[in-house]
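[1] Build me a structure from this.
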Amino acid sequence: MLDITTNSNERLYFNQQSNDLAQSTFPANSDLLNPAINPLNIPGYSPESSLTNSTASSFDPQTQIADFIVANAGADFSYSASDRVSGDVPDSQLKPQSQLTIANADPLTGTISASQLNFADPGNSLSIARNIVGVENGSINLTDFVGVGASNHFYRFDINTKSNFSLRLDGLRADADVKLIQDRNRNGVVDFGETIDYSLESGIVPDVINVSNLAPGTYYVQVSSFLGNSTNYNLNLSATSIPELNIPTPSGTFNSNYGYGLVNANAAVSSTLNRSNPFPNIPDLGGNNWALDVINTPEVWNQNITGNGIVVAVVDSGVDYTHPDLDDNIWQNPGEIAANGIDDDRNGYIDDIRGWDFVASDDNPMDLDLYGHGTHIAGAIAAEGNDFGITGVAPNAKIMPVRVLDASLYGELNNIAAGIRYAADNGANVINLSLGNEFSPSTQVHDAIEYANNKGSVVVMAAGNLGHIQPAYPARNADRLGIAVGSIDINGRMADTSNRAGSTPLDYLVAPGVDIYSTTPYSTYDTLTGTSMATPQVAGVAALVLNANPTLTPAQVEYILTTTANRNGLIG
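    The predicted model follows:
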């Protein structure tokens, strides 16, 4: 609207490709955690565990079983229209750039003072936000007024490439607040969880927002008066495109069964540190720790690389955060004060001191699954290196519990997508998704994974447990995002029920997933089987790699893990 200055460089535009993912013909799969468990005839996403035998895979396409969180295509399952519509807002709802300098503006500067402001101008709500151009690879400066008669101003802008975004609100005469928003469901309203970042400085102190790796899309800035106070303001917006890294295709032959091979912690971390040779071998741990020996984890621990400082989100059925083998490794939200009923860190979640429960919409992400699916996964990743129980792949990493599956291991797509975004927004370096959908892709979940990837989270996904020739969703999208994981046994043989890599090369690895001993609720331990159990092995190795070099991007971590994988001795 007022006093708009653009300093834009040449902008690059990329055509958005439609998501042509074919409908999956596979039934939903999950873990049969115990032969006595009946298939779950429910729609949605469910955990990813394996069946007890290959013949058990012949069931109705709507059947879901624990271990692979699956979305089912039953009558209660559907994609909403907002999941498919274009991100563009109709032109009738936008204020053209040419209208931003109005008749009341100073003819020389274009600035409108408080007394000159036309309060009838659009921009007082998200649906009629003022459209501005030139933010990407440029700088936009606006001078305006907010207060009596116009308590909120909204500005809409687009970026076409991943960018580092900066905002500054200054020139204040009274207190004002500013937020960066993405209208994810495109309903023209700021809904819960749609605020990306905000600044709530007091008084006339300038408000500043900086967001790294902001994904391409449509965004809104909201400037609000505080307690009805009126003030002029200067608003500066800029976004600088981030050059895409040229990550080469993993070396070696892609195998349609086991992809690029068995994840190898020693080789991956050694490569991360630019060593010409792996770390020296040490004796195997044996017993219930056989999986750690298979992926060469102890050699990495011997170099004091144990996942320290790395946060791994377990987006699953919750985590028993009181388990004595996990309690010291549960993530603590540094910006939140427990049980005071206040959203201290202003992330939209009250008292989320240790994560969030998206099923019950509260701050208690406790694992309520009878067999402890999420707790088992958490232990495989980061059970403590103490003198009892088990030890996880990254025993000094922190686990962020994010509950998106109910006690029946069923999850709504919107909760799963929200859980992934929550993990990324709150600093998860790695996100473990031992869940999926054999039927069809979800735009909601795909977009959330892309969002997490753009924010720097390595997303590791279970391939599924119906013995099919390619992974289930979202793991099938690992040709573009994240890592898909299949399951092998102690002899290097692919589990009969593990979904294979398929004919299209994608970042697919295998890891031990048969008879994995790990933590379960109420201070217990149990042995479970499935690609759900293989996935945390790879997530733990990703944590070790990031411990060795925290500056790596998700694409670089994926390249390291796939390039250093062991292809010897695997049996399809």
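
[2] just the strands in the stretch 51-200 of the chain please.
    130-131, 138-146, 152-159, 163-170, 176-181, 195-199 (DSSP state E, counting those that start in this stretch).

[3] Can you redo those as JSON lines, where the extra columns are distance to Glu450 and mean pLDDT?
    C-beta here means a position set from N, CA and C on the backbone, and glycine is covered the same way. Below are these laid out as JSON lines (distance: least, Cβ to Cβ, whole Å; pLDDT from 0 to 100):
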{"stretch": "strand 130-131", "distance to Glu450": "24", "mean pLDDT": "89"}
{"stretch": "strand 138-146", "distance to Glu450": "24", "mean pLDDT": "89"}
{"stretch": "strand 152-159", "distance to Glu450": "14", "mean pLDDT": "92"}
{"stretch": "strand 163-170", "distance to Glu450": "15", "mean pLDDT": "93"}
{"stretch": "strand 176-181", "distance to Glu450": "18", "mean pLDDT": "94"}
{"stretch": "strand 195-199", "distance to Glu450": "14", "mean pLDDT": "88"}
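
[4] can you redo those strands as a markdown table with mean neighbour count and distance to Ala542?
    Putting the strands of the stretch 51-200 of the chain into a markdown table (neighbours: other Cβ atoms under 10 Å; distance: least, Cβ to Cβ, whole Å) gives the following:
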| stretch | mean neighbour count | distance to Ala542 |
| --- | --- | --- |
| strand 130-131 | 24 | 40 |
| strand 138-146 | 22 | 36 |
| strand 152-159 | 21 | 28 |
| strand 163-170 | 20 | 24 |
| strand 176-181 | 22 | 29 |
| strand 195-199 | 18 | 25 |
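
[5] Let's have these in a markdown table, adding distance to Gly513.
    Formatted as a markdown table, the strands of the stretch 51-200 of the chain follow (distance: least, Cβ to Cβ, whole Å):
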| stretch | distance to Gly513 |
| --- | --- |
| strand 130-131 | 50 |
| strand 138-146 | 49 |
| strand 152-159 | 40 |
| strand 163-170 | 38 |
| strand 176-181 | 40 |
| strand 195-199 | 36 |
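
[6] among the ones you listed, which is nearest Ser457?
    strand 195-199 (14.9 Å; Cβ to Cβ).

[7] Quick one: work out the angle between that closest one and strand 163-170.
    Angle, strand 195-199 to strand 163-170, by axes from the mean of the first three to the mean of the last three Cα atoms, to 10 degrees: 40 degrees.

[8] what sits up against strand 195-199?
    Strand 195-199 is contacted from outside by 167, 169, 177-182, 207-209, 211, 214, 219, 346, 348, 425, using Cβ atoms under 8 Å, 6 or more residues apart in numbering.

[9] got the angle for it vs strand 176-181?
    Using the same axes, to 10 degrees, strand 195-199 lies at 160 degrees relative to strand 176-181.

[10] partner strands of strand 195-199, parallel or antiparallel?
    Here strand 195-199 is paired, per DSSP bridges, with strand 176-181 (antiparallel).

[11] sorry, back to before: closest to Leu509 out of the strands of the stretch 51-200 of the chain?
    It is, among the strands of the stretch 51-200 of the chain and with distance given as Cβ to Cβ, strand 163-170, at 30.7 Å.

[12] Report the mean confidence score over stretch 302-320.
    Averaging pLDDT along stretch 302-320 gives 98.

[13] Next: stretch 506-519.
    98.

[14] Could I get the buried residue list for stretch 467-481?
    By neighbour count on 16 or more other Cβ atoms under 10 Å, the buried set for stretch 467-481 is 467-468, 470-478, 481.

[15] In helices, which of those fall?
    Taking DSSP state H, every one of these sits outside helices.

[16] closest to Glu201 among those residues?
    Nearest to Glu201 out of the buried residues of stretch 467-481 is Leu481 (Cβ to Cβ; 35.8 Å).

[17] wait, the closest one sits on Val459?
    Yes - taking Cβ atoms under 8 Å as the definition, Leu481 is a contact partner of Val459 at 6.5 Å.

[18] Find residues that contact each of those two.
    Shared contacts of Leu481 and Val459, defined by Cβ under 8 Å, 6+ apart, are found at 449, 453.

[19] How about the backbone phi and psi for Gly203?
    Torsion angles at Gly203 (phi, psi; degrees, to the nearest 10) stand at phi 60, psi -140.

[20] Look at it and say how many residues are nearby.
    Using other Cβ atoms under 10 Å, Gly203 has 9 neighbouring residues.

[21] Over to Asp343?
    14.

[22] Please tell me I have it right and it contacts Trp356.
    No - counting by Cβ under 8 Å, Trp356 is not a contact partner of Asp343; they are 11.6 Å apart.
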